[in-house]
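Peer 1: Predicted model follows, preceded by the sequence.
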Protein chains: 2
Amino acid sequence: MTATRPEPTTSAAEAVGLREVVEIRRTMPPASVERLPGYLRVLTDLAARGVTSASSQQLAELAGVGPAQLRKDLSHLGSHGRRGVGYDVDTLRERVQSALGLVVELRVAIVGAGNLGHALANYSGFGARGFTVAALLDSNLALVGTEVAGVVVEDVARLADVVRDLDVSIVVIATPGEHAQEVCDVVVAAGVREILNFAPRALQVPDDVELRSVDLGSELQILAFHSRERSGREAAGL
Amino acid sequence: MTATRPEPTTSAAEAVGLREVVEIRRTMPPASVERLPGYLRVLTDLAARGVTSASSQQLAELAGVGPAQLRKDLSHLGSHGRRGVGYDVDTLRERVQSALGLVVELRVAIVGAGNLGHALANYSGFGARGFTVAALLDSNLALVGTEVAGVVVEDVARLADVVRDLDVSIVVIATPGEHAQEVCDVVVAAGVREILNFAPRALQVPDDVELRSVDLGSELQILAFHSRERSGREAAGL
DNA sequence: ACATGTGAAGGCTTTCACAGCA
DNA sequence: TGCTGTGAAAGCCTTCACATGT
């Protein structure tokens, strides 16, 4: 995974006019934010299995992190555990969910109805995790009008309209690399501030836009590095 | 993106018997390794456009990082730039490529021939980046025998055979979350040491296995966090 | 007893700023 | 002069260890 963290610690509290406000805006470290979805997944699983309470040790094991790290991460959300006992699964799940802003269903538009766009639109985990695929757009007019996963493909030229009319807050870019930057520019111009990019390009966005990028090729290459490292080690040592 | 870095700095040199060996094994920091694919992409683009030389400033801009960071990252590969001039694009490209172990085509197997597996198998960027989809496997016998992207789908029960016979070095898990851990266990037992997981689960692997995980839902949830943060800021400040 | 919440320590990463070389 | 390569500084993040509370 590749992520962008442009702002060098923009204090949220500073942007707020009132300083002596009651609710202290606890600003969570980016590294902790990235682990919250993992905790939410574990908590949802446990809740579904009827488990009502769990220790940091148990939760950490399921999430694949250390117990101390999990406790520190959760401490940024305030104290919700009970000493000597552990955490109440349901309470904590709700707290994490609300911290992630998943109280309302967020609406997502996918640009690019090729292989990947298709797969993403059909991805069942979407709804289960609080998101709705509100629109699917493509520049290929042969695809426009066809239906994918219950959504009619729109012309990418209508993107600004779609974003406004359907109240889209997150756009997923699943186009070929060549068109990714131009699509990205249009998306930003349409007022979208959260973008997830699957195209193999480093996209340029203004500072106030949150961009995350996932590139399959890069992931494989990182694994390839370790593979080579390993084979070198084995050849020399073993 | 979620990544695992289990080993608390396992010294590669330590695993090697010889200490006074000629080739000092330069151990590259994990954070630098993660950026190498991005640099390689930029260098390949420039080479294709006929550019022969570039400064750290230019390369960094295209890769979306700072110039100092790029220089430091590249310094782990040895000195390949020319002071006062910049880097030779082609030389550097080859150096990065070889550092990533992309001198030979690496063979990949994809487990799970559903929506995502399908899309991954058809992903054209595969070959262009030095990887071959050698096999596609699924547990659904209705899919076994059908052809996807020029590859015949095999029964997942034959995984160990496939890995051995086709010399697979990387396995991509694209199954539903429920089956991901059992598939993972089989993959590890088959001797594979590099795994890319797309299933929404934290998988448990031995220390000597390199596991990287990409979870669409988590990426969206991280964006949702920033979306909420932003709306709170606007409501309060503006 | 037991497990959380958290200062403090230690490790890693990024950024700075300049020496060194073409 | 211009740009690389790199020690040193600054900033993050993780881990430790224990005080705190039940």
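Peer 2: Received, thanks.

Peer 1: Moving along the chain from the longest strand belonging to chain A, name the first helix or strand you hit.
Peer 2: Secondary structure of chain A per DSSP state E: the longest strand is strand A:131-138. Next along the chain after strand A:131-138, taking DSSP states H and E as the criterion, comes strand A:147-148.

Peer 1: Is there any residue in the longest helix seen in chain A that contacts chain B?
Peer 2: Counting by DSSP state H, the longest helix found in chain A is helix A:216-237. Yes: residues of helix A:216-237 contacting chain B under C-beta under 8 Å from any C-beta of the partner chain: A:216-233, A:236-237. In short, each C-beta sits where N, CA and C put it, glycine included.

Peer 1: That helix vs strand B:131-138, what angle?
Peer 2: On the basis of axes from the mean of the first three to the mean of the last three C-alpha atoms, to 10 degrees, helix A:216-237 is oriented at 100 degrees to strand B:131-138.

Peer 1: what about helix A:216-237, distance to the chain center?
Peer 2: Counting by C-alpha atoms, centre = their mean, to the nearest Å, helix A:216-237 is centred 27 Å from the centre of its parent chain.

Peer 1: same check, this time on stretch A:135-147
Peer 2: Stretch A:135-147 has its C-alpha centroid displaced from the chain centroid by 25 Å (C-alpha atoms, centre = their mean).

Peer 1: what's the first-to-last distance across that stretch?
Peer 2: End-to-end distance for stretch A:135-147: 11 Å, by C-alpha to C-alpha, to the nearest Å.

Peer 1: so A:Leu223 sits right up against B:Ser213, yeah?
Peer 2: No: using C-beta atoms under 8 Å, A:Leu223 is not in contact with B:Ser213; the gap is 11.6 Å.

Peer 1: Common neighbours of the two, please.
Peer 2: Common neighbours of A:Leu223 and B:Ser213, using C-beta atoms under 8 Å, 6 or more residues apart in numbering or on different chains, are B:Leu196.

Peer 1: Give me the domain ranges for chain A.
Peer 2: The record's domain parsing of chain A by automatic domain parsing lists A:30-103, A:106-218.

Peer 1: Dump those into CSV; add distance to DNA strand D, mean pLDDT and mean neighbour count as well.
Peer 2: Below are the domains of chain A laid out as CSV (distance: least, C-beta to the nearest atom of the strand, whole Å; pLDDT from 0 to 100; neighbours: other C-beta atoms under 10 Å in any protein chain shown):
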stretch, distance to DNA strand D, mean pLDDT, mean neighbour count
domain A:30-103, 3, 97, 17
domain A:106-218, 15, 96, 19
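
Peer 1: and the nearest residue to A:Val192 once chain neighbours are set aside, what element?
Peer 2: Computed as C-beta to C-beta, 6 or more residues apart in numbering or on different chains, the closest residue to A:Val192 that is not its neighbour in sequence is A:Val171, at 4.9 Å. Here A:Val171 sits within strand A:170-173, counting by DSSP H and E.

Peer 1: quick check, stretch A:100-107 touching chain B?
Peer 2: Yes: Stretch A:100-107 reaches chain B (C-beta under 8 Å from any C-beta) through A:Leu100, A:Gly101, A:Leu102, A:Leu106.
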